[in-house]
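Chemist: here are the coordinates; sequence isn't available:
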């Protein structure tokens with residue numbers, strides 16, 4: 001699935017930045033915190049936060065996440081491995097492009113969005129997967145450096161089908177730049193298990 005692939009892209013990039021040869025799933029719990037936080041971020045918080053299941057989620061609830069910084073160095077590392085387009089890597093070619101300067105990869109923006117959603121919301125639920133991501137749009141480029149924020153809005157829920165243990169929670173994700181401009185949006189269907 002696109003969302004999970006984006007998360008793996010981001011984590012693989014982080015592991016290579018740290019000089020590791022390969023990424024293992026357990027490193028998701030061991031990666032270094034952002035902005036000097038004094039404890040790990042992400043799924044490891046499940047041990048100290050209430051875990052919400054499908055029935056705990058309500059339509060209309062919102063979650064404001066971030067900020068998550070992104071520097072030119074961060075962008076270059078990501079793009080050198082995953083998105084080697086000249087306007088992401090070459091300042092001269094970027095200046096001559098429609099953007100006029102180096103910009104972050106849309107895939108990098110998506111990866112950081114997925115990371116913030118996991119760390120700040122979905123990682124504290126019984127999410128067992130995601131069925132799809134739809135209506136992905138990049139509204140404007142992310143200039144560098146920047147700091148991204150994400151607004152998550154629950155826009156729908158579907159109860160479990162007969163014989164299934166999970167319901168569907170539909171969320172709209174909106175990613176904003178440090179200037180409060182909408183950079184990216186998407187809709188994701190998360191699968192959350194239900195209480196026995």
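Modeler: Here it is on my side, so go on. The model shown is predicted, which means the values in this text are computed figures rather than measured ones. Numbers count the residues shown, from 1 in each chain.

Chemist: contacts, neighbours, all on C-alpha from now
Modeler: Fine.

Chemist: secondary structure element for the residue positioned nearest the centre of the chain?
Modeler: Centroid-nearest residue in the chain, with C-alpha atoms, centre = their mean: residue 114, separated by 1.4 Å. Element membership for residue 114, per DSSP states H and E: helix 106-120.

Chemist: likewise residue 95?
Modeler: Counting by DSSP H and E, residue 95 is found in helix 91-96.

Chemist: quick check: buried residues in that helix?
Modeler: 93-94 (16 or more other C-alpha atoms under 10 Å).

Chemist: and what of stretch 187-196?
Modeler: Residues 187-194 are the ones in stretch 187-196 that count as buried (16+ other C-alpha under 10 Å).

Chemist: contacting residues around that stretch?
Modeler: Outside stretch 187-196, the residues that touch it by C-alpha atoms under 8 Å, 6 or more residues apart in numbering are 53-55, 125-136, 165-173.

Chemist: after the helix holding residue 114, which helix or strand is next? Please name it.
Modeler: The C-terminal neighbour of helix 106-120 among helices and strands, as given by DSSP H and E, is strand 127-138.

Chemist: would you mind getting the angle between that following strand and helix 106-120?
Modeler: Per axes from the mean of the first three to the mean of the last three C-alpha atoms, to 10 degrees, the angle that strand 127-138 makes with helix 106-120 is 140 degrees.

Chemist: what helix or strand is residue 80 located in?
Modeler: In this structure, residue 80 sits in helix 72-82 according to DSSP H and E.

Chemist: low-confidence stretches in this protein?
Modeler: Within the chain, the ranges that satisfy pLDDT under 70 run 1-49.

Chemist: the strands in it, which residues?
Modeler: Remark: strands assigned in the chain by DSSP state E are 62-70, 127-138, 146-158, 166-176, 182-193.

Chemist: the shortest one pairs with which strands, and in what direction?
Modeler: What that stands for is strand 62-70. Sheet pairing of strand 62-70 (DSSP bridges) gives strand 146-158 (antiparallel).

Chemist: now the fourth one
Modeler: Sheet pairing of strand 166-176 (DSSP bridges) gives strand 146-158 (antiparallel), strand 182-193 (antiparallel).

Chemist: residues in contact with it?
Modeler: 54, 57, 113, 148-161, 182-194.
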